[in-house]
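[1] Kindly generate the corresponding structure for this input.
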Amino acid sequence: MTQLRVLNLQYQQQHNCAPSSSLHGTLFPEIRFLTQLTYLDLSANCMSGTIPSEISNLSNLRALYLNVNRFVGGLPTQLGLLDHSLQQLDLAYNRFSGTLPTEMGRMGGVYEILLNHNDLHGTVPKTWADMQNITKIALHGNANLTGPMPVELCAHLW
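    Numbering: from 1, shown residues only. Sure thing, here's the model as predicted:
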């Protein structure tokens with residue numbers, strides 16, 4: 001299974017978290033062994049817990065979709081270690097809290113970050129302007145995010 005490149009377990013039906021209708025559980029640290037993974041989609045399930053820091057071992061990961069689940073905790077700073085591989089990150093509609101990690105500014109290959117409808121707070125770090133390929137950031141629905149978007153970052157967005 002270490003050669004697995006695509007894992008798409010997105011739930012296609014109405015999201016209701018019934019035990020028989022979607023995935024339940026957490027992301028285990030053993031995910032680090034899927035080093036060839038390029039696409040991970042667990043969206044619209046009933047996954048919970050935190051994102052393990054071992055996610056940074058997925059150095060070939062291009063797209064990470066964990067949206068519409070019940071994940072909690074802070075966004076792992078280790079996402080910044082996916083500096084040139086990760087292109088799409090969708091963590092919208094979860095229960096993430098805390099601040100936006102400055103380390104995510106290292107994700108030079110990312111062009112889309114969707115973090116809307118969580119419980120994030122603070123400001124958008126100036127280091128996010130280092131994301132040269134970024135064209136879309138969705139942060140709405142995080143009532144406690146404050147302050148202006150860094151001007152340098154706005155130059156990259158459509």
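[2] Could you use CA atoms for every contact and neighbour count after this?
    OK.
[3] what comes up buried for stretch 83-103?
    83-101, 103 (16 or more other CA atoms under 10 Å).
[4] now swap in stretch 110-122 and tell me
    By 16+ other CA under 10 Å, the buried positions in stretch 110-122 come out as 110-121.
[5] Let's have those in a markdown table, adding pLDDT and secondary structure.
    Formatted as a markdown table, these follow (pLDDT from 0 to 100; DSSP: H, G, I helix; E, B strand; the rest coil):
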| residue | pLDDT | secondary structure |
| --- | --- | --- |
| 110 | 96 | coil |
| 111 | 95 | coil |
| 112 | 97 | strand |
| 113 | 97 | strand |
| 114 | 98 | strand |
| 115 | 98 | coil |
| 116 | 98 | coil |
| 117 | 98 | coil |
| 118 | 98 | coil |
| 119 | 98 | strand |
| 120 | 98 | strand |
| 121 | 97 | strand |
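[6] Give me the spatial nearest neighbour of residue 104, chain neighbours excluded.
    residue 80 (4.2 Å; CA to CA, 6 or more residues apart in numbering).
[7] So that neighbour lies in a helix, does it not?
    Yes: counting by DSSP: H, G, I helix; E, B strand; the rest coil, residue 80 is located in a helix.
[8] Confirm for me that it is in contact with residue 108.
    No: look at residue 80 against residue 108 with CA atoms under 8 Å: they stay out of range, at 9.1 Å.
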